[in-house]
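Chemist: Give me a 3D structure for the following:
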Amino acid sequence: MLTKGKKDLIIVPYDFTQQSDTALTHASKIAFQSEDEVRMLHIVNNETNGRLKKLGKEKLGLEETLKEIAANNQKEFGVETTYATKEGSIFSDIGSYVDEAGASLAVMGTHGVHGFQHIVGANALKVITSSKAPFVIVQKRKIDPDGYKKIVVPVDGNIKGKNKITAAIDLAKYFNSTIYIFEANTSDQFVANRIAVNIKMIEGYIAEHSIPFEHVKEEGKGSFAKQLIKYSAHIDADLIVISSHHDNEGLMDMIFSNEEVQVLNNDPQIAVLCVNPVATSTSDVSI
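Modeler: This next block holds a predicted model:
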């Protein structure tokens, strides 16, 4: 996902809200470790002038305001920070810009799932799946000063998703993290066998990279998504890593539709890294 020593690009959709400021901080913390460039992307639409006016920046203008924020961010975090603007829709143009720019990662704020904001939270999924790049989704919760020290990786019977564990390992190396494997519980023996194979491969792969990890199995009532959020909050996790979408290959789709939205917009406001899954052979790590 992010290769140290190779200058990659991290895109931050930026709309002057508190959520986008939080996203910029997350991206900058990652970029400092991976030695990458952070680029703020503002989608120009009918809300742009209103947001500038609310900030008292309408006289300064869009370009100068973004230039000022970029300069301040670069000074504060010590990472190259640039900006870009594009006219269009946040739901159709963010993903296309991320891919056209060849970005290795995007970090985006979401406004949660409460009230009318549910529409925004649900549509965050549309933005994520419109791009090939992984997305970190954040709310208002600020990143820990030490970064992502506790990373939770949920595991079910899906055979697609090697990229997810690879991404978790990359970040764990940067932040000296511990990975917490959260195993789905099922009464279906076929699915249980697949999960067991996945767990064995994942633990071996993590151990090869000398990363500390813990393994816990789902217990209690409620959906797997609810149990995942509850467990992540219990250990005060900094990041949850999921595949951005599943298909029928994962006989026990652990995060799907409304549950996926629930994880992305979880109440504890834990950041969520969504990685596009890839098909794997039986000798690959699968999730």
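Chemist: Next, please give the residue ranges for the strands of the stretch 101-250 of the chain.
Modeler: Applying DSSP state E, counting those that start in this stretch to the stretch 101-250 of the chain gives strands spanning 105-109, 135-138, 150-155, 178-183, 213-217, 239-243.
Chemist: Same list, these, but as TSV with distance to residue 84 please.
Modeler: (Each C-beta comes from the backbone N, C-alpha and C, glycine too.) Below are these laid out as TSV (distance: least, Cβ to Cβ, whole Å):
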stretch	distance to residue 84
strand 105-109	13
strand 135-138	17
strand 150-155	30
strand 178-183	34
strand 213-217	38
strand 239-243	26
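Chemist: need the longest helix for this protein.
Modeler: helix 189-208 (DSSP state H).
Chemist: That one relative to strand 150-155, how many degrees between them?
Modeler: 150 degrees (axes from the mean of the first three to the mean of the last three Cα atoms, to 10 degrees).
Chemist: in helix 189-208, what counts as buried?
Modeler: 191, 192, 194, 195, 198, 199, 201, 202, 203, 205, 206 (16 or more other Cβ atoms under 10 Å).
Chemist: List the buried residues in stretch 216-232.
Modeler: For stretch 216-232, using 16+ other Cβ under 10 Å, the buried residues are 218, 224, 225, 226, 227, 228, 229, 230, 231, 232.
Chemist: so how far is residue 19 from residue 70?
Modeler: 18 Å (Cβ to Cβ, to the nearest Å).
Chemist: Okay, domains of the chain per the record?
Modeler: 9-138, 150-275 (automatic domain parsing).
Chemist: correct me, but residue 124 touches residue 94?
Modeler: No. Using Cβ atoms under 8 Å, residue 124 makes no contact with residue 94, being 9.9 Å away.
Chemist: For residue 144, find the nearest of the domains of the chain.
Modeler: domain 150-275 (5.5 Å; Cβ to Cβ).
Chemist: Report the mean confidence score over that closest one.
Modeler: Per-residue pLDDT over domain 150-275 has a mean of 85.
Chemist: quick thing: my sequence starts at 166, can you match it?
Modeler: Yes, from this point I'll number from 166; that puts the last item at domain 315-440.
Chemist: coming back round to it: shared neighbours, residue 289 and residue 259?
Modeler: Common neighbours of residue 289 and residue 259, using Cβ atoms under 8 Å, 6 or more residues apart in numbering, are residue 273.
Chemist: Let me see the ranges of the helices in this protein.
Modeler: According to DSSP H, the helices that the chain contains are 183-199, 213-220, 227-242, 255-265, 282-294, 327-340, 354-373, 389-399, 423-429.
Chemist: Could you point out which of those helices sits nearest residue 437?
Modeler: helix 423-429 (5.3 Å).
Chemist: List the buried residues for that closest one?
Modeler: Those would be 424, 425, 426, 427, 428, 429, for helix 423-429 by 16+ other Cβ under 10 Å.
Chemist: Looking at these, which is nearest residue 249?
Modeler: Nearest member of those to residue 249, counting by Cβ to Cβ, is residue 429, at 24.5 Å.
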